[in-house]
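1. how would this look folded up:
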Amino acid sequence: MTSMIQLLALALFSTLLLSTRVTTAFIPTAPHSNQQQQHQHQHQTFHRHQNINTSHKNNLFDLIGSMVQNFGKKASASHILIKPTQLPADEAKAKLLEIKEAVANDAAEFARYAGEYSDCPSKAKGGDLGKFGPGMMVPEFDAIAFKEDVGVVHGPVSTSFGEHLILVTYRSGEGDDEE
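-> Prediction:
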């Protein structure tokens with residue numbers, strides 16, 4: 001068990017190390033005059049630049065946290081996606097709220113609305129995304145799938161793909177579930 005934990009920690013650390021966009025470079029600045037150009041090779045000025053994309057870094061920490069917290073679990077969900085190219089965010093949210101009210105947590109109705117309104121290829125299957133593990137979806141979607149109630153329509157939820165309604169249909173690893 002200890003070696004498995006150490007292996008998991010090493011894998012997470014490696015992922016963190018390889019996935020974060022932390023760059024440290026010494027970049028020469030441009031000379032300020034012709035006189036400086038003559039002595040450029042002798043007196044190059046260097047500035048240290050750090051570019052840390054904190055949004056990417058925080059998403060990575062959220063992803064790793066979800067993977068550890070939900071280790072071994074599986075979830076299944078359906079969704080209705082309205083992409084920004086389909087409607088602006090505020091209009092998409094309003095439309096999704098109308099749909100949410102009409103669906104009222106009914107899986108069959110949700111599938112019908114997904115087929116009609118979703119801008120995702122999964123609409124052909126009533127929005128069904130199948131089973132997935134923690135970290136396989138964007139963090140906002142992952143949080144709903146692994147933390148919120150099963151059988152309830154959640155949202156609207158904003159992700160990098162657009163606005164979603166999410167119906168969590170199954171989650172393993174919670175007591176009496178057998179999978």
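2. that's a helix at Ala124, yeah?
-> Yes. Ala124 sits within a helix when classified using DSSP: H, G, I helix; E, B strand; the rest coil.
3. Quick check: it touching Ser118?
-> No. Using CB atoms under 8 Å, Ala124 makes no contact with Ser118, being 9.4 Å away. Any C-beta I mention is one placed from the backbone N, CA and C, and that applies to glycine too.
4. who has more neighbours, these two?
-> Neighbour totals were compared for Ala124 and Ser118, and Ser118 leads with 23 against 11 (other CB atoms under 10 Å).
5. mind checking which helix or strand the closest residue to the more buried one other than its chain neighbours is in?
-> Closest residue to Ser118 apart from its sequence neighbours, by CB to CB, 6 or more residues apart in numbering: Ile80 at 4.5 Å. Using DSSP states H and E, Ile80 sits in strand 75-82.
6. Quick check: neighbours of that strand in the sheet, parallel or antiparallel?
-> strand 128-132 (antiparallel), strand 162-171 (antiparallel) (DSSP bridges).
7. before we move on, what SS does Ser158 have?
-> Three-state call for Ser158 (three-state DSSP): strand.
8. Measure how buried it is and give me the count.
-> 13.
9. how much space between it and Met137?
-> Distance from Ser158 to Met137, counting by CB to CB, to the nearest Å: 14 Å.
10. What segments of the protein are helices?
-> Applying DSSP state H to the chain gives helices spanning 2-19, 34-38, 54-69, 89-103, 107-117, 139-147.
11. The third one - what's its average pLDDT?
-> When pLDDT is averaged over helix 54-69, the result is 58.
12. what do you get for the fourth one?
-> When pLDDT is averaged along helix 89-103, the result is 97.
13. Pull that helix out as CSV, backbone CA atoms only.
-> Extracted in CSV, the C-alpha atoms of helix 89-103 (Å, rounded to 0.1, in the frame of the first residue of the first chain):
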residue,chain,number,x,y,z
ALA,A,89,-23.3,33.5,-22.3
ASP,A,90,-26.1,35.5,-20.7
GLU,A,91,-28.6,34.3,-23.4
ALA,A,92,-27.3,30.7,-23.1
LYS,A,93,-27.8,30.7,-19.3
ALA,A,94,-31.3,32.1,-19.6
LYS,A,95,-32.2,29.4,-22.2
LEU,A,96,-30.7,26.7,-20.0
LEU,A,97,-32.7,27.9,-17.0
GLU,A,98,-35.9,27.6,-19.1
ILE,A,99,-34.9,24.0,-20.0
LYS,A,100,-34.0,23.2,-16.4
GLU,A,101,-37.4,24.2,-15.3
ALA,A,102,-39.1,22.3,-18.1
VAL,A,103,-37.1,19.1,-17.4
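14. Check what contacts it and list those residues.
-> 80, 82, 84, 86-87, 109-110, 113, 117, 153, 155-156, 158, 162-165 (CB atoms under 8 Å, 6 or more residues apart in numbering).
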